[in-house]
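In: here is my input; please provide its structure:
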Amino acid sequence: MKDINAAEDRLRAEIGELKRQLAERDKPEDGPRKPSRPSTGVLVFLGLLILALIAGGFYAGYLPRRHREAVLAAESKAGAESLPVVTVVKVGRSDARSELILPGSVQAVTEAPVLARASGYVRRRYVDIGDRVSEGQPLAEIEAPELDRQIQQARSALEQARSSVQQAEAALKQGRSNENLARVTAARWKNLLDKGVVSRQENDTYQAQWAAQQASVEALEKAVAVAAGNAGGVQANLDRLIELKGYQTVRAPFAGAITLRNVDTGALINDGSTLLFRIAQTDRLRTYVNVPQSEAASVRVGQPAALMFPDLPGRKFMGTVTRTSNALDPATRTLLVEVQVPNADGKLLPGMYAQVDLSVERTTPTLTVKGDTLVVRADGPQVAVVDAAGRVHYVRIQLGRDYGDRIEVLSGLEEGQQVVVNPSDFVREGAQVAPVMLDEKPAGKKS
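Out: Residues are numbered from 1 along each chain as shown. Below you'll find the predicted structure:
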């Protein structure tokens, strides 16, 4: 454009110079002269000069502009035809053997509170917190004088009940004797009546006396049974009191360790309500873990498990799955699993926090994708899948466990599909892209 303007300026200057020369030539020197026309050569020169200027302007302005437009159009077409490069990874499966680490709390296999069965005062205490005891070992002595008085009363009542039984038995013996006499007498009068020696009325009197004695014997037998029952009740009460007296010595129900002491010498004890001690069996411990539904089918009774503790780094305590609930908790969709671990050396304590490592053998390993392929939208998690034609399709998926760098996919994808890593704004539904596998570089670039 600068060349065109300069040419126009030169053309105007030359035209002005020509006009000036013509005006000076036509100017009268001595008198009026006839106006003269420019010569043919001048006109031809002017025409050629104008054509040259037009041609120079054409070559200096239009052709470069046309060239630039063609270059821009070519570059635009090349940019439109080139595809955006995206990094993709293939959908794979998780390992067949997976380590499942779940939290748990260690508990004693057997733990029980020790309460008193007899009311009174603690006469003597034999154990304290942390002591290890054997089954049946005395833990404390309780003094209960009221119980001794109750035992004496029960024994006296038992003697009275036994005397009542003896009296009832004696009355029964007398009643049976009377019944035998009445029976013999009635038989004799019956024979006399058959011979016509006595009247029928007299015979009926003796027959009625025999029936009355039979009824009396039956009543006496029931009286004996009642007296015996009363004696048995008194005996049972006496046995109960004697057994309660045996509970004055509090003994360990099983071998274990004393984890709680709640009383001391002289404390008042109420029957069945005062907690004396708590004892736990610690040679074998157990822990409960909640296994997610996705792994519940892989947990079996008898499979090994390892317990790890933050305060015991580098050590693993091997245990065994002893039982499962065989049903999922409808609130958490988890399976309750019990793991038992031996503790002969006493290193582990009830109540410790543990991490239980279950090496689960999966029947059907799940699909996994990288965590940075996930796109979270209002309608749920999605991934951008690149098909064989290089087109992008967003697929909604159902997520499982999160392993940190990879995430389980329960549904929505198939093994071997290519998903976009860190999809940007130009990765839209139906967009055409050039996929490049992760850790690979596009063609033409050197490392």
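In: longest helix in this protein, by residue count?
Out: helix 145-195 (DSSP state H).
In: give the contact list for Asn290.
Out: Applying CB atoms under 8 Å, 6 or more residues apart in numbering to Asn290 gives the contacts 102, 329, 332, 334-337. C-beta: built from backbone N, CA, C; applies to glycine.
In: how near is it to Leu244?
Out: 44 Å (CB to CB, to the nearest Å).
In: rewinding a little: can you pick the most crowded of the contacts of Asn290?
Out: When neighbours are counted by other CB atoms under 10 Å, Val337 leads the contacts of Asn290 with 25 neighbours.
In: wouldn't that residue be in contact with Val301 here?
Out: No: here Val337 does not reach Val301: they are 9.0 Å apart, not a contact under CB atoms under 8 Å.
In: neighbours around the closest residue in space to Gly380 that isn't next to it in sequence, how many?
Out: In space, and not counting its chain neighbours, Gly380 is closest to Arg396: 5.3 Å by CB to CB, 6 or more residues apart in numbering. As a burial measure, Arg396 scores 13 neighbours (other CB under 10 Å).
In: same check on Ala161?
Out: 19.
In: which segments of the protein make up each domain?
Out: Domain segmentation of the chain under automatic domain parsing yields 2-26+38-81, 145-247, 366-437.
In: rank those domains by pLDDT, which is bottom?
Out: Of all these, domain 2-26+38-81 carries the lowest average pLDDT, namely a mean of 65.
In: where exactly do the helices run in this structure?
Out: Under DSSP H, the chain gives helices at 2-26, 40-57, 63-81, 145-195, 200-246, 293-296.
In: TSV for those helices, including distance to Thr364?
Out: As requested, the helices of the chain are exported to TSV (distance: least, CB to CB, whole Å):
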stretch	distance to Thr364
helix 2-26	77
helix 40-57	80
helix 63-81	45
helix 145-195	67
helix 200-246	60
helix 293-296	10
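In: re the thing from before, contacting residues for the residue nearest to Gly380?
Out: Applying CB under 8 Å, 6+ apart, the residues near Arg396 are 379-382, 412.
In: where does the stretch 251-400 of the chain dip in pLDDT?
Out: The model of the stretch 251-400 of the chain has pLDDT under 70 over residues 360-363.
In: where exactly do the strands run in it?
Out: Using DSSP state E, counting those that start in this stretch, the strands of the stretch 251-400 of the chain run over residues 256-261, 268-269, 275-292, 304-309, 312-328, 334-342, 353-361, 367-370, 375-377, 380-386, 392-396, 398-402.
In: any chance of those in JSON lines, with distance to Pro84 too?
Out: Output for the strands of the stretch 251-400 of the chain, formatted as JSON lines (distance: least, CB to CB, whole Å):
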{"stretch": "strand 256-261", "distance to Pro84": "68"}
{"stretch": "strand 268-269", "distance to Pro84": "84"}
{"stretch": "strand 275-292", "distance to Pro84": "39"}
{"stretch": "strand 304-309", "distance to Pro84": "48"}
{"stretch": "strand 312-328", "distance to Pro84": "46"}
{"stretch": "strand 334-342", "distance to Pro84": "44"}
{"stretch": "strand 353-361", "distance to Pro84": "41"}
{"stretch": "strand 367-370", "distance to Pro84": "20"}
{"stretch": "strand 375-377", "distance to Pro84": "17"}
{"stretch": "strand 380-386", "distance to Pro84": "11"}
{"stretch": "strand 392-396", "distance to Pro84": "10"}
{"stretch": "strand 398-402", "distance to Pro84": "27"}
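In: and the ones you listed: which comes nearest Leu46?
Out: strand 392-396 (67.4 Å; CB to CB).
In: dump the C-alpha coordinates for the closest one into PDB.
Out: What follows is strand 392-396, C-alpha atoms only, in PDB (Å, rounded to 0.1, in the frame of the first residue of the first chain):
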ATOM      1  CA  VAL A 392     -16.000 -39.500  21.900                       C
ATOM      2  CA  HIS A 393     -19.000 -40.800  23.800                       C
ATOM      3  CA  TYR A 394     -19.800 -40.100  27.400                       C
ATOM      4  CA  VAL A 395     -20.900 -43.200  29.400                       C
ATOM      5  CA  ARG A 396     -22.500 -43.200  32.800                       C
END
